[in-house]
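Participant: just the structure for this:
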Amino acid sequence: MRLAAIGLVACFAFTAHAQNQEQQDREASLFGDASEPTTETPRSSDRDRSIFGAPNDKQLSNAPVAENRLESTLVEKQDPLAIGGRLYLRTGSRYFDDSSLGDMPLNHSAQLFVYGDARPTNRLRAFVRTRFDHDFIEQRVPANQTALGTSGSNEQTRAQLDQLWLKFDVDRKAYVTIGQQPIRWGSARIWNPTDFVNAQRLDPLAIFDIRPGIPMFKVHVPIESSGTNLYAIAQVDGAERLSETGGVIRAEQTLPQSELSATMSVRKDQPLRLGLDYSVGIDVFELRFEGAAIRGGDVHRWTGTFNPDLENLTIPERVDLDWAFQSTIGLEWTIGYGDQESAYWTIEYFHNELGYSDAELYPWLALTGELNPLYLGRHYLATNIILPRPGSFNDLTVLSSGIWNLSDNTGIVRVDLQVQVLTRLSVFMYASTYLGDQGEFRFAFDLPADPAVPGLEDGIEIKSPIADIGFWLSVAL
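Facilitator: Model (predicted):
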């Protein structure tokens, strides 16, 4: 159980818009978002960027590519085997309510990604990526009170397989990927209710998408003549029997100045999920919409009150829902200024029928493991503005963002800076503050110790966060 799930908002993200557009195309082709050809020659640094991902590339790009033509070009221009990696060194601290500056917990940790990328022919590719996490400081406080609030383990060194997959084509008409692979669906920037494959929600406040790949069999059939992409997925994560395998089908259609997608997901003992995703560009604006309908399975909410006092214990009542709906609508505005500079302003609203209208039941959700950040409230609003390479500062990117839970009236405001100091070395700095009283972004919980209750021998205390600061170094290896 991660009682500090809200701490995920502490790792707010950005990467430079200056990352090469051709690499955005490559990532789209590799992970199934292809429809238009390109013949640009990628560089080795671009190859690294596609492998490690860049959330703001997703935010600022809209350039799909034909999978077959692009991969043929890549094999012709690149070595058949590439080995590389990326190292992140992170230092950060968080200030909690009713704490002194000297008591602020310190996090000093590292993340190392190492990959091998083999293309023995222009129709065959094998890829592996592993991830290592190391805390230089042995945590002497509970994991939910760490400075960055992102670790639920007290182990100093951890390793996991991030991706491992094989890709090939069938008569250059269908593209098959088998293994643990990433899926990135949804046009919205903060909330993706149509992302039915990933059990772990996208953390929009992370420097990059840290979610590991999902074990699956994926078939992608692009129809370039009509601008259509068809997908069929068999999800095998957690499946011990054939009947436990999940199925997902998705269709994407390119329209004049817009794109439309429809998705359906089914799995035993899980809800039926139906999704619609639409984005349209109008001059300097881009409008995005995602909507999901969920039925059956374990779809529920809690009602009533929660009183943890054992002498007057009150437990909420679970209510199963027949249908539940989630939707996101967003607008992105490209604002030109100066000779060649542009700023990008985004605003997004999220309606969540599975959320709650206030924070009264958050402690109960924390105890049941249902404290899902950014999906707790009924209504949300988010906005950000990014300035890549402002003025003469060609190595600088500035991002200012805010996310507000309109239901419990709490939020976070954050400013990030990225500076490219050397060819392969970047510096990230951030500062954030949490606003409001008791709620999602100012969550606090205190349960007194009770030796007679297993797990409560020392009690539970979660202090409300007030501010974060952080400093990261990123090195391409």
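
Participant: relative to Tyr434, how far out is Ile190?
Facilitator: 17 Å (Cβ to Cβ, to the nearest Å). Where you see a C-beta, it was placed from the backbone N, CA and C, and this is true even at glycine.

Participant: I meant Phe208, not that one.
Facilitator: Separation of Phe208 from Tyr434 (Cβ to Cβ): 23 Å.

Participant: comparing the two, which residue is more hemmed in?
Facilitator: Tyr434 (25 against 20; other Cβ atoms under 10 Å).

Participant: any idea whether that one is helix, strand or coil?
Facilitator: In three-state terms, and counting by DSSP: H, G, I helix; E, B strand; the rest coil, Tyr434 is strand.

Participant: so where's this protein uncertain?
Facilitator: 1-78, 139-154, 452-457 (pLDDT under 70).

Participant: list the contacts for the spatially most central residue of the chain?
Facilitator: Nearest to the mean C-alpha position of the chain, counting by Cα atoms, centre = their mean, stands Leu202 at 2.5 Å. Neighbouring residues of Leu202 by Cβ atoms under 8 Å, 6 or more residues apart in numbering: Gly186, Asn192, Asp195, Asp209, Arg211.

Participant: do the same with Val221
Facilitator: Lys173, Ala174, Tyr175, Asn229, Leu230, Tyr231.

Participant: I'd assumed His220 was in contact with the third one.
Facilitator: Yep, that's Tyr175 we're talking about. Yes - if you go by Cβ atoms under 8 Å, Tyr175 and His220 touch, sitting 4.5 Å apart.

Participant: can you count the residues close to Ser261?
Facilitator: 21.

Participant: that one pairs with what?
Facilitator: Glu252, Asp277 (DSSP bridges).

Participant: ok, it touching Arg288?
Facilitator: No - with contact defined as Cβ under 8 Å, Ser261 does not reach Arg288; the gap is 11.2 Å.

Participant: ok, the spatially closest residue to Pro204 that is not a sequence neighbour to Gly338 distance?
Facilitator: Of all residues not flanking Pro204 in the chain, Ile190 sits nearest, at 4.6 Å (Cβ to Cβ, 6 or more residues apart in numbering). Using Cβ to Cβ, Ile190 is found at 28 Å from Gly338.

Participant: follow-up on the earlier one: how about the contacts of Leu202 in CSV, adding neighbour count, distance to Leu367 and secondary structure?
Facilitator: CSV is the format used below for the contacts of Leu202 (neighbours: other Cβ atoms under 10 Å; distance: Cβ to Cβ, whole Å; DSSP: H, G, I helix; E, B strand; the rest coil):
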residue, neighbour count, distance to Leu367, secondary structure
Gly186, 24, 30, coil
Asn192, 23, 27, coil
Asp195, 24, 27, coil
Asp209, 19, 29, coil
Arg211, 19, 25, coil
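
Participant: could you export the residues you listed to JSON lines, including columns for distance to Glu311?
Facilitator: Formatted as JSON lines, the contacts of Leu202 follow (distance: Cβ to Cβ, whole Å):
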{"residue": "Gly186", "distance to Glu311": "47"}
{"residue": "Asn192", "distance to Glu311": "44"}
{"residue": "Asp195", "distance to Glu311": "44"}
{"residue": "Asp209", "distance to Glu311": "46"}
{"residue": "Arg211", "distance to Glu311": "43"}
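
Participant: thinking again about what came up before, who touches both of Ser261 and Arg288?
Facilitator: Ser187, Tyr278.

Participant: returning to what we had before: widest-spaced pair of the contacts of Leu202?
Facilitator: Gly186 and Arg211 (12.9 Å; Cβ to Cβ).

Participant: tell me where the stretch 301-450 of the chain has helices.
Facilitator: Secondary structure of the stretch 301-450 of the chain (DSSP state H, counting those that start in this stretch): helices at 362-368.

Participant: the nearest residue to Ile469 once chain neighbours are set aside bridge partners, please.
Facilitator: Closest residue to Ile469 apart from its sequence neighbours, by Cβ to Cβ, 6+ apart: Ala431 at 5.1 Å. With DSSP bridges applied, Ala431 shows beta-bridge pairing to Val415, Ile469.

Participant: need the contact list for Ala431.
Facilitator: Arg414, Val415, Ala467, Asp468, Ile469, Gly470.

Participant: ranking by neighbours, what's the top pick from those?
Facilitator: For these, neighbours tallied by other Cβ under 10 Å; top is Asp468, 25 neighbours.

Participant: distance check, that one against Met104.
Facilitator: 10 Å.

Participant: swap in Arg378?
Facilitator: In terms of Cβ to Cβ, Arg378 sits 33 Å off from Met104.

Participant: name the nearest of the contacts of Leu202 relative to Leu81.
Facilitator: Asp209 (25.3 Å).

Participant: which stretches in the stretch 251-400 of the chain count as strands?
Facilitator: 258-266, 272-282, 285-295, 300-303, 317-320, 323-337, 341-352, 379-388, 396-405 (DSSP state E, counting those that start in this stretch).
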